[in-house]
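Asks: below is the sequence, then the predicted model.
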Amino acid sequence: MASLEELRAERIKKLALLKEAGMEPFPAESHLDLTLDSVLSDFDELVSTGEKKTVGGRVMSLRLQGALAFFDLFDGTAKLQALLKKDELGPVFDLFADTIDVGDFVEVTGKFFITKRGEKTIEGDSWKILAKSLHPLPDKWDGLQDTEERLRKRYLDILMNEDVREMVIKRSQFWQAMREFLLAKGFLEVDTPILENTAGGAEARPFLTHHNALDLDVFLRISVGELWQKKLMVAGLPKVFEIGRVFRNEGMDADHLQDYTALEFYQAFADYKEGMDFVRELYRYVAEKTFGTLKFNIRGFEIDLAKDWETYDFVGIIKDRTGIDILSADLRAMEAKLNELEITYDKKGFNQTRAIDNLWKYCRKQIAGPGFLINVPVSMEPLAKRKADNPELVERFQVILAGSENGKGFSELNDPLDQAGRFSEQAKLREAGDEEAQMFDQEFVEALEYGMPPTFGFGVSERLFAFLCDKPARETQIFPLMRPKEAKEIKAKDLASYTAVAILNKENHLEPWQEMNTVAHLNASFAARFGKSLLYQDKIKTKDNKEIYLNIQNAIMIKEASSGKQMVELLTEAEKADLAVFEFIRPMIETSDDKKIIDYAKGRDWSEVDFLGILIFGKRSVVEKITADLPLVK
């Protein structure tokens, strides 16, 4: 089988043949009369009139049969078969046969007919190339099987996978439906700053960058202009919304990304109770417009948005499922319960708010929804108004779907003195190491002092779209952020400062062949992703001038962890240290069916996955520090 380099070289030769024949392989102009979907919809009329038309697109399949050339064109709207005949075209047919490959863009002029097999077809009396493809397209069935490669070459994934192309279309329809609904309700679309002096409106770690013209460090926003939009409430604009990009410098998993699209809207003279009715109507409208249904299967939950939405009590649920009353228990009791439940959590900047949040995440997994989570402590929401009948709680709700939050709204805090006090409490948490606590925004407090009417605010991100698609968030982005391949390359001279450690899960009591299989797969995945520089080897020569490779400089050390819980803790530490990690999980040793492996992962939280082995690679000093307490496999 020819290599990709050889195939590319062959196509470049064909490009030269086109130029020699006087045909520009990358012309600026095309002269298409019809899109292919319009051809198919009006096909009978086109056949009956016998008019010549010009159509075009990418060649998706090509069948040369002596003096005939059949090929399928795809222009992004539909596919259509085209036919060229040598008897009709003469030498121009030979040029087509000698130079055109699957992947090329061509236009064809001719008449339409239906073949004996019932195939709608255009028979061309002329053709022209529009763009020569220098790389072959992946095989429809065998190509782009690796998830990382699919996401890295998303343009090919969209081209070859109809489901992915449909997802991209639905993503656009999803946000358009949001916009349509709000505009119909009298909201004004606005745009607010992305670069901010103070990152506000949410609890998240921001990205920091530098503004050269002002010589000023600024943050990329972590909310869709929450504090700016509330300033517009002060300004007298009663209904505003924004759909835009948000940036949070935090962990990545199936539900969380670092940059993503979100919506926030604000309505004056409304509260969170009115907001629940409004949001329920919004979600039903968007689901129906985007997916044509209100019923979904999400992570094993059967969800029906049309049914009555439930109401869940935050304090009550945690007490019922953990025995902890979060309004009276101290941090020590909460931390003891987290350890008892074997909940893995970040100990950096750990405080009572983070403890409550981790207890809630443990409880929410089995709540199907749809419903509204209410009665959250004031410490959890520094921007929401206190409840009049219980000042320890705030007037906030979150939309619960399939065990996760998918949207948050509240009666906005418009008391400037209370807001300043809560910002001060948040500032203390930041000083104590909580990087997600909010910053004190004096300018926003000053705006509130001019007076803001009672206001309802709500925000929802593209996580909702991912959930309705029942896919991981990264797979529903068009071009998710990927680590560049070249960033993983390590120069041979620097290899001595790197090391790799494979870690087996002792708790699984693996048989010797299973241990070997696990380490072999981890090693293969590791080597494949890091490329030639990792596998750099010096050569030595024998007396008769034959070459022998020296041992690879980064021989993998094999250690063992005591349990699956420790494996998860090691993975967490490694990712925080920006080390490369590779995992081998239970179904990978039991089946080669990727779908079964994917289904296994989709049905479990990260902490519930049975890791047979993991491999950690990076700076020797960092890797050795993380794995120092692990014994070597004997």
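Replies: Structure's in. What do you need?
Asks: what segments of the stretch 151-300 of the chain are helices?
Replies: 154-160, 162-184, 226-234, 272-291 (DSSP state H, counting those that start in this stretch).
Asks: would you format those helices as a markdown table with distance to residue 430 and mean pLDDT included?
Replies: All C-beta spots, glycine's among them, are computed from the backbone N, C-alpha and C. Formatted as a markdown table, these follow (distance: least, C-beta to C-beta, whole Å; pLDDT from 0 to 100):
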| stretch | distance to residue 430 | mean pLDDT |
| --- | --- | --- |
| helix 154-160 | 37 | 93 |
| helix 162-184 | 33 | 97 |
| helix 226-234 | 17 | 96 |
| helix 272-291 | 27 | 98 |
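Asks: return the most buried member of those.
Replies: Mean neighbours per residue, mean count of other C-beta atoms under 10 Å, is largest over the helices of the stretch 151-300 of the chain for helix 226-234, with a mean of 22.
Asks: what lies in contact with that helix?
Replies: Contacting residues not belonging to helix 226-234 are listed as 190, 192-193, 200-202, 240-242, 264-266, 268, 383, 412, 441, 444, 447-448, 450-453, 455, 457, 459 [C-beta atoms under 8 Å, 6 or more residues apart in numbering].
Asks: what about residue 283, distance to residue 123?
Replies: Remark: distance between residue 283 and residue 123 (C-beta to C-beta, to the nearest Å) = 50 Å.
Asks: separation between residue 467 and residue 255?
Replies: Distance, residue 467 to residue 255, using C-beta to C-beta: 8 Å.
Asks: that older thread, minimum distance to residue 131: which of the helices of the stretch 151-300 of the chain has it?
Replies: Proximity to residue 131 (C-beta to C-beta) singles out helix 154-160 among the helices of the stretch 151-300 of the chain, at 13.6 Å.
Asks: now for that closest one, which elements pack on it?
Replies: With contacts defined as 3 or more C-beta pairs under 8 Å, 6 or more residues apart in numbering; DSSP states H and E, the packing partners of helix 154-160 are helix 147-152, helix 162-184.
Asks: show me where the stretch 301-450 of the chain has its helices.
Replies: Using DSSP H, counting those that start in this stretch, the helices of the stretch 301-450 of the chain run over 314-322, 331-340, 352-364, 416-431, 442-449.
Asks: tell me which of these is the most buried.
Replies: Mean neighbour counts were compared across those using mean count of other C-beta under 10 Å; the top stretch is helix 352-364, at a mean of 20.
Asks: could you give the angle of it to helix 416-431?
Replies: Relative orientation of helix 352-364 versus helix 416-431 (axes from the mean of the first three to the mean of the last three C-alpha atoms, to 10 degrees): 90 degrees.
Asks: just the angle for helix 352-364 relative to helix 331-340, thanks.
Replies: Using the same axes, to 10 degrees: helix 352-364 against helix 331-340 is 40 degrees.
Asks: so for helix 352-364, what's the average pLDDT?
Replies: On average, the pLDDT along helix 352-364 is 90.
Asks: coming back round to it: would you list the helices of the stretch 301-450 of the chain in JSON lines and tack on distance to residue 31?
Replies: Formatted as JSON lines, those follow (distance: least, C-beta to C-beta, whole Å):
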{"stretch": "helix 314-322", "distance to residue 31": "63"}
{"stretch": "helix 331-340", "distance to residue 31": "67"}
{"stretch": "helix 352-364", "distance to residue 31": "58"}
{"stretch": "helix 416-431", "distance to residue 31": "62"}
{"stretch": "helix 442-449", "distance to residue 31": "57"}
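Asks: give the contact list for residue 570.
Replies: When contacts are counted by C-beta under 8 Å, 6+ apart, residue 570 is found next to 503, 561, 614, 616, 626, 627.
Asks: report how many residues lie close to the closest residue to the last one other than its chain neighbours.
Replies: By that I understand residue 627. Excluding the flanking residues, the one nearest residue 627 by C-beta to C-beta, 6 or more residues apart in numbering is residue 501, at 5.0 Å. Using other C-beta atoms under 10 Å, residue 501 has 23 neighbouring residues.
Asks: in this structure, what helix or strand scores lowest on average pLDDT?
Replies: The weakest-scoring helix or strand in the chain, judged by mean pLDDT, DSSP states H and E, is helix 485-488 (a mean of 54).
Asks: which is the next helix or strand following that helix?
Replies: Per DSSP states H and E, helix 485-488 leads on to strand 498-505 as the next helix or strand towards the C-terminus.
Asks: got the buried residues for that next one?
Replies: Applying a neighbour-count criterion of 16 or more other C-beta atoms under 10 Å, one finds 498, 499, 500, 501, 502, 503, 504, 505 buried in strand 498-505.
Asks: lowest-confidence one in those?
Replies: Minimum pLDDT across these falls on residue 498, with 80.
Asks: that residue bridge partners, please.
Replies: Bridge pairing for residue 498 (DSSP bridges) gives the partners residue 619.
Asks: tally up the residues packed near residue 95, please.
Replies: Counted with other C-beta under 10 Å, residue 95 comes out at 20.
Asks: do you know how far it is from residue 395?
Replies: Distance, residue 95 to residue 395, using C-beta to C-beta: 73 Å.
Asks: same deal with residue 63?
Replies: Remark: distance between residue 63 and residue 395 (C-beta to C-beta) = 66 Å.
Asks: re the thing from before, which of the contacts of residue 570 lies closest to residue 165?
Replies: residue 614 (34.6 Å).
Asks: that closest one: what secondary structure?
Replies: With DSSP: H, G, I helix; E, B strand; the rest coil as the basis, residue 614 sits in strand.
Asks: specify the beta-bridge partners of it.
Replies: Legend: beta-bridge partners of residue 614 under DSSP bridges are residue 503, residue 583.
Asks: so what's it up against?
Replies: Residue 614 touches 502, 503, 522, 567, 570, 571, 581, 582, 583, 584, counting by C-beta under 8 Å, 6+ apart.
Asks: check what contacts the helix or strand hosting residue 626 and list those residues.
Replies: Taking DSSP H and E as the definition, residue 626 sits inside helix 620-627. Helix 620-627 has contacts (C-beta under 8 Å, 6+ apart) with 496-501, 503, 559, 570, 573-574, 577, 579, 616-617.
Asks: between those, which is closest to residue 31?
Replies: Once C-beta to C-beta is applied, the member of the contacts of helix 620-627 that ends up nearest residue 31 is residue 617, at 53.9 Å.
Asks: what sits against the closest one?
Replies: Counted by C-beta under 8 Å, 6+ apart, residue 617 has contacts 498, 499, 500, 501, 526, 530, 554, 579, 580, 581, 582, 623.
Asks: state the distance from the fifth one to residue 614.
Replies: Plainly put, residue 526 is 11 Å away from residue 614 if you go by C-beta to C-beta.
Asks: and residue 450, how many neighbours does it have?
Replies: If you count neighbours by other C-beta under 10 Å, residue 450 ends up with 10.
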